[in-house]
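K.L.:
Sequence plus predicted model, see below.
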Amino acid sequence: MSGDETTFERFFGSLGEVFLLFGRAVREIFRRPFETSLTVVQLEQGGVDSWSITMLTAAFTGMVMASQFAIGLEPFGASMYTGKLVGLGIVRELGPVLTSLLVGGRVGAGFTAEIGSMAVTEQIDAIRALGADPVRKLVTPRVVAMTISIPLLTIMADLIGCAGGILITVAEVGVTFTFATEQMIQTIWVQDLMHGLIKSCFFGSIIATIACWNGMRTHGGTEGVGRATTETVVFTSVTILVSDFLLTRALLAIYA
Amino acid sequence: MSSPHERPRPRREQAADGAAGALRPHQRPGAEPIIQFRNVRKAFGRQVVYEDLSLDVFPGETLTIIGGSGQGKSVMLKLLIGLLRADGGSIQAFGQEVTTLAERDLLHLRSKVAMLFQGAALFDSMSVEENIKYPLIEHGWGTAAEMDQRVDEVLHMVDMPGVQKKKPSELSGGMRKRVGLARAIAIQPEVILYDEPTTGLDPINVRRINGLILSLQQRLGVTSVVVTHDMDTVFTVTDRLAMVYEKRIAFAGTPEEARNAELRYLREFVQGGWGTLDEDL
């Protein structure tokens, strides 16, 4: 990109590059042979290794929400409905968004740092010079792995978050465990789960694409890698939050 | 084929002999270039690297490209194998127009033209063996046993047997360059591009790499294009040298011709002196 471009032009130029890279990554999924081993490695590094931090965050988020709602609803005599609100809030919003923000920060930064280091040490040029396609080798396995692992992590986060919410509802409001659980199960519909999973699939693919795109355009040595890594955390977080609003509106329009 | 441990004869010794075979590849009757740069233009944003670059590379020769830092010598190598795209002009390699080849069509060219990167560009996450097998797998070399055998062969060629399982981080700078060279020659290319092969190495490793460049050219008959600042490398391996100066090739000829060239900057560069940038051109 030239130095004459305005911020507006740079933004839309970058957006276009991200979409093009995503398109190329998707196209490579259907070219044989599929890079299975590289994808499994990324599933492990991006998904399995993010499990503990995601579960810890989900459990405490569920408990904090329940604590706040139990007190907030008490003046209205509605504190027994705490479980309903916590369940809906986690499954529709906080499960997918918090999981994506956490994994996006952790794994997205890792993707950019690794690919960025490869870019500044000419390893990406070497991949091309040796007859391979960097998108196929680096981007596609990460996009596939994140599109699979974030929804799976979201399901786990939903379960743990709801369990934390139930625990605090029982302790604070004084309802029975069975009552709190039944209330939550009756409130959460399949479409609520789908709502969260559709979002998390989208977030997974966009986190991986942005992180890889930013890694591949890294220049300026180790300083450049540091800058690109920070940018990725900011870009992915902002993208998740903005697209969450747009997706929520779209999904509400579809399901309403 | 000569023995791997036989000392390759530096070009200056061969030239001094005036013996049979001292005729340089470009001087042989009917010699046609296999690579041609014609009026190539390249810029990065506002920074113009080449305005009108033209150069020929002949089969079997070792051509050295010299020039000051930041003159775009490495860019030339990357343009040649399509890692960068020229803004204008023509680059022909093996009769194909590189500037218009699609990425997929460049794969065939890259099986004939290999490159040793400045920092070797070994993949950190892979062992030496996996690094060398990488191009073999991509170009469909053969069975696993054949690939193992090829890895052994090329590691012997660069005098580094038994390091298959080591990671690049366990190797010194000179060893990394030699493994990088082993990876580059694994698929038996016809042309090898060397980007600053001796930069950052101690004198012993410099001589070792120079010896390898010379030995590969003499044993395998490959064409070599070497980008370097190191005049010892130039006079050890070169058939012809070309100087990049002021966004074009300001000189192309034998080292002997370079010593007597009209361009003072080149004469002083070759003799290790200080060039005068605003004179002679």
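P.N.:
It's in. Numbers count the residues shown, from 1 in each chain, chains lettered A, B, ... in the order given.

K.L.:
Flag the shaky bits of chain A, pLDDT-wise.
P.N.:
Using pLDDT under 70 as the threshold, the predicted model of chain A has low-confidence ranges A:1-4, A:256.

K.L.:
Up against chain B, what does it have?
P.N.:
Near chain B, the residues belonging to chain A are A:2-3, A:117-118, A:121-123, A:125-126, A:128-133 when assessed by Cβ under 8 Å from any Cβ of the partner chain. C-betas here are computed from N, CA, C, even on glycine.

K.L.:
Counting only strands, which of the residues you listed make the cut?
P.N.:
Within these, no residue falls in strands by DSSP state E.

K.L.:
Pick out whichever of these sits closest to A:Leu56.
P.N.:
A:Leu56 has its nearest neighbour among those in A:Ser117, at 28.9 Å by Cβ to Cβ.

K.L.:
The closest one: neighbouring residues, count only.
P.N.:
Counted by other Cβ atoms under 10 Å in any protein chain shown, the residues lying close to A:Ser117 total 20.

K.L.:
So which other helices or strands are in contact with whichever strand or helix holds A:Ser14?
P.N.:
With elements delineated by DSSP states H and E, A:Ser14 resides in helix A:7-29, which encompasses its position. Under the contact criterion of 3 or more Cβ pairs under 8 Å, 6 or more residues apart in numbering or on different chains; DSSP states H and E, helix A:7-29 touches helix A:140-173, helix A:190-216.

K.L.:
Adding mean neighbour count as columns, could you present those in TSV?
P.N.:
Below are the helices and strands packed on helix A:7-29 laid out as TSV (neighbours: other Cβ atoms under 10 Å in any protein chain shown):
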stretch	mean neighbour count
helix A:140-173	24
helix A:190-216	23
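
K.L.:
And those: which comes nearest A:Arg92?
P.N.:
Closest approach to A:Arg92 among the helices and strands packed on helix A:7-29 (Cβ to Cβ): helix A:190-216, 5.3 Å.

K.L.:
May I have the helix holding A:Ser14 as CSV, with CA atoms only?
P.N.:
Taking Å, rounded to 0.1, in the frame of the first residue of the first chain, the C-alpha atoms of helix A:7-29 are listed here in CSV:
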residue,chain,number,x,y,z
THR,A,7,-7.1,5.9,6.7
PHE,A,8,-10.5,5.3,5.0
GLU,A,9,-8.8,3.8,1.9
ARG,A,10,-6.4,1.7,4.1
PHE,A,11,-9.3,0.4,6.1
PHE,A,12,-11.3,-0.8,3.1
GLY,A,13,-8.1,-2.0,1.4
SER,A,14,-7.2,-4.1,4.4
LEU,A,15,-10.8,-5.4,4.6
GLY,A,16,-10.6,-6.5,1.0
GLU,A,17,-7.3,-8.2,1.6
VAL,A,18,-8.7,-10.1,4.6
PHE,A,19,-11.8,-11.3,2.6
LEU,A,20,-9.6,-12.3,-0.4
LEU,A,21,-7.3,-14.3,2.0
PHE,A,22,-10.3,-16.0,3.5
GLY,A,23,-11.6,-16.9,0.1
ARG,A,24,-8.2,-18.4,-0.9
ALA,A,25,-8.0,-20.3,2.4
VAL,A,26,-11.5,-21.8,1.9
ARG,A,27,-10.6,-22.7,-1.7
GLU,A,28,-7.6,-24.6,-0.5
ILE,A,29,-9.8,-26.8,1.7
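
K.L.:
what comes up buried for that helix?
P.N.:
By neighbour count with 16 or more other Cβ atoms under 10 Å in any protein chain shown, helix A:7-29 contains the buried residues A:Ser14, A:Glu17, A:Val18, A:Leu21, A:Phe22, A:Arg24, A:Ala25, A:Val26, A:Glu28.

K.L.:
Spell out the residue ranges of the helices in chain B.
P.N.:
All helices of chain B, identified by DSSP state H, fall at B:11-17, B:73-80, B:103-112, B:128-138, B:144-157, B:173-185, B:203-220, B:231-237, B:255-259, B:264-270.

K.L.:
The fourth one close to chain A?
P.N.:
Yes: if you take Cβ under 8 Å from any Cβ as the test, helix B:128-138 does meet chain A, through B:Tyr134, B:Pro135, B:Glu138.

K.L.:
can you tell me how far the nearest residue to the last one once chain neighbours are set aside sits from B:Gln188?
P.N.:
In this case it means B:Glu138. The spatially closest residue to B:Glu138, leaving aside those adjacent along the chain, is A:Gly131, at 4.0 Å (Cβ to Cβ, 6 or more residues apart in numbering or on different chains). Note on A:Gly131: its distance to B:Gln188, by Cβ to Cβ, to the nearest Å, is 13 Å.

K.L.:
go on, B:His229?
P.N.:
Applying Cβ to Cβ, the value for B:His229 to B:Gln188 is 29 Å.

K.L.:
show me the residues around the residue nearest the centre of chain A that make contact.
P.N.:
For chain A, the residue sitting closest to the mean C-alpha position, by Cα atoms, centre = their mean, is A:Ser100 at 2.2 Å. Listed by Cβ atoms under 8 Å, 6 or more residues apart in numbering or on different chains, the contact partners of A:Ser100 are A:Ile150, A:Thr154, A:Lys199, A:Ser200, A:Phe203, A:Gly204, A:Ile207, A:Ile240.

K.L.:
so which of these would you say is closest to chain B?
P.N.:
When the contacts of A:Ser100 are ranked by distance to chain B (Cβ to the nearest Cβ), A:Ile207 comes first, at 21.1 Å.

K.L.:
Could you double-check that that closest one sits in contact with A:Val238?
P.N.:
No: with contacts counted by Cβ atoms under 8 Å, A:Ile207 stays clear of A:Val238, the gap being 11.7 Å.

K.L.:
Skipping adjacent residues, who's closest to B:Met126 in space?
P.N.:
By the measure of Cβ to Cβ, 6+ apart, the closest residue to B:Met126 outside its immediate chain neighbours is B:Tyr134, 7.2 Å from it.

K.L.:
What separation do you get for that neighbour and B:Leu83?
P.N.:
Following Cβ to Cβ, the distance that separates B:Tyr134 from B:Leu83 is 16 Å.

K.L.:
More neighbours: the two, which one.
P.N.:
The residue with more neighbours, out of B:Tyr134 and B:Leu83, is B:Tyr134; 22 against 19, by other Cβ under 10 Å.

K.L.:
Surely that one is in contact with B:Arg183?
P.N.:
Yes: at 7.0 Å, B:Tyr134 counts as touching B:Arg183 under the criterion of Cβ under 8 Å.
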